[in-house]
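Q: my questions concern the predicted model and sequence given below.
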Amino acid sequence: MTQDLLVAGVSLADKAIRTIAVYLVVALLLRMAGKRGLAQLNSFDLVVMLLLSNVVQNAIIGPDNSLVGGLEGAVILVAFNALVVRLAARVPWVADLFEGHATVLAQDGHYNDGILARLGLRKADVDVSIQRQGGNSVRDTSLVTLEPGGAVVVRLRKEEENATRGDISSLADRLEHIERQLDALVNRR
């Protein structure tokens, strides 16, 4: 039993090559599947993710069922991911390769129907994001983008934006200034 727990069934180099190859292929598959999968993870997408992890398990560990072999695979996977993330932060083309660019879903109050169809996004899903970010409908927006990480970012038209505390403070200061001027005019008479 100790043999099965502590003796890896494949070499560390074999495990590293398998893990990195599977990581790159799965990252490519997710990239090809598009950002929608990250932005709107529904029950079907969740099932695919869970099954995908099970499908690639044997490709990573090979014929190795030992505890040490599993831990080696986990360490290699986490370390390689950390390397890729840091590389993507420093090298723009690596970030483009793994993540891509923001995609414009709507502009100037109108949906980009072709992009929504290509990404498999429904207008109703984007409407929910618009409402969560302070708008009522796409007509309230100047730009709606799907970011590489899957977040939907909404920029409202200026007249639809909520006032900030700074805006209110500035208006209060202006109102106070106007009131002082009016008081001064009234007192002169």
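A: Great, that's in hand. Quick caveat: nothing in here was measured; it's all calculated off a predicted structure.
Q: show me what secondary structure element comes after the lowest-mean-pLDDT helix or strand in the chain.
A: One helix or strand of the chain scores below all others by mean pLDDT, DSSP states H and E: helix 36-39, with a mean of 52. The first helix or strand that comes after helix 36-39 along the chain, using DSSP states H and E, is helix 43-61.
Q: what comes into contact with that next one?
A: By C-beta atoms under 8 Å, 6 or more residues apart in numbering, the residues outside helix 43-61 that reach it are 10, 15, 18-19, 21-22, 26, 29, 37, 41, 69-70, 73, 77. All C-beta atoms are positioned from the backbone trio N, CA, C, and that covers glycine.
Q: and the gap between the residue nearest to the spatial centre of the chain and Leu50?
A: Nearest residue to the geometric centre of the chain (C-alpha atoms, centre = their mean): Gly149, 2.2 Å. Look at Gly149 and Leu50: by C-beta to C-beta, to the nearest Å, they are 21 Å apart.
Q: how about Val128?
A: The spacing between Val128 and Leu50, counted by C-beta to C-beta, is 24 Å.
Q: more neighbours: those two, which one.
A: Val128 (13 against 10; other C-beta atoms under 10 Å).
Q: so what secondary structure elements neighbour the strand or helix carrying the more buried one?
A: Element membership for Val128 (DSSP H and E) is helix 123-132. Packing partners of helix 123-132 (3 or more C-beta pairs under 8 Å, 6 or more residues apart in numbering; DSSP states H and E): strand 141-146, strand 152-156.
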